[in-house]
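[1] Next comes the sequence, and after it the predicted model I'd like to discuss.
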Amino acid sequence: MAWEKNQICLSWPAAVDLRLYQYRAIVLGSGLTVDLPKTDVTQKAVGILQNTPNLGEEAVVAVLGVSKAIAAAAIDAGVLVSPEWIDDVGDSGKAIATVATAYTMGITLSAAVAEDDVISVLLGNIAVI
């Protein structure tokens, strides 16, 4: 079971419609807005989206603490994770096991048996610079 605890959240305007992307990793876009990761594994997540904002609405993003996250595949607890960036099937921002070229956003505190399971991620290893 996934849980959330002791979060520190910040907010920015949503650059796109994010109503279907709660608990996905978020990156800073142009003009200090937030968006889903879309270009490549070198994008740096600022945190995990906590609400469901439409274009221009306030996106609440957990930047520290424990957040729920959507898993991209089965994943064990205790694994470093990064955001999935492929957006061809709506997977952008899901948590995946970190590969050598990706920036880590946290570590899993619970396991996922399959894609789209909700897991807990301890944020704090997020590279924002």
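    Nice, thanks for sending it over. Numbers count the residues shown, from 1 in each chain.
[2] hey, let's count contacts and neighbours off CA atoms from now on
    Will do.
[3] Can you tell me which residue sits nearest the middle of the protein?
    A25 (1.6 Å; C-alpha atoms, centre = their mean).
[4] Is that one in contact with L49, as I believe?
    Yes - assessed by C-alpha atoms under 8 Å, A25 is found in contact with L49 at 6.3 Å.
[5] which stretch of helix or strand covers N6?
    Assigned by DSSP states H and E, N6 belongs to strand 5-13.
[6] partner strands of that strand, parallel or antiparallel?
    strand 58-70 (antiparallel) (DSSP bridges).
[7] And for V27, nearest residue in space, chain neighbours not counted?
    In space, and not counting its chain neighbours, V27 is closest to A45: 4.6 Å by C-alpha to C-alpha, 6 or more residues apart in numbering.
[8] Could you pull up phi and psi at the one you found?
    When read as degrees, to the nearest 10, the backbone of A45 gives phi -70, psi 140.
[9] quick one: it from K94, how far?
    Separation of A45 from K94 (C-alpha to C-alpha, to the nearest Å) stands at 11 Å.
[10] cool, V34 as well?
    Per C-alpha to C-alpha, V34 is found 15 Å from K94.
[11] before we move on, what about K68?
    For K68, the distance to K94 - C-alpha to C-alpha - is 11 Å.
[12] between those two, what contacts are shared?
    The overlap between the contact sets of K68 and K94 (C-alpha atoms under 8 Å, 6 or more residues apart in numbering) consists of Y23.
[13] And what about the residue located most distally from the centre of the chain, helix, strand or coil?
    For the chain, the residue at maximal distance from the C-alpha centroid (C-alpha atoms, centre = their mean) is G31, at 19.8 Å. Following DSSP: H, G, I helix; E, B strand; the rest coil, G31 is assigned to helix.
[14] Could you tell me the end-to-end distance of stretch 17-37?
    14 Å.
[15] and it, average pLDDT?
    Mean pLDDT, stretch 17-37: 93.
[16] buried stuff in it?
    Across stretch 17-37, burial judged by 16 or more other C-alpha atoms under 10 Å covers 18, 21-29, 33-37.
[17] Alright, calling it a day.
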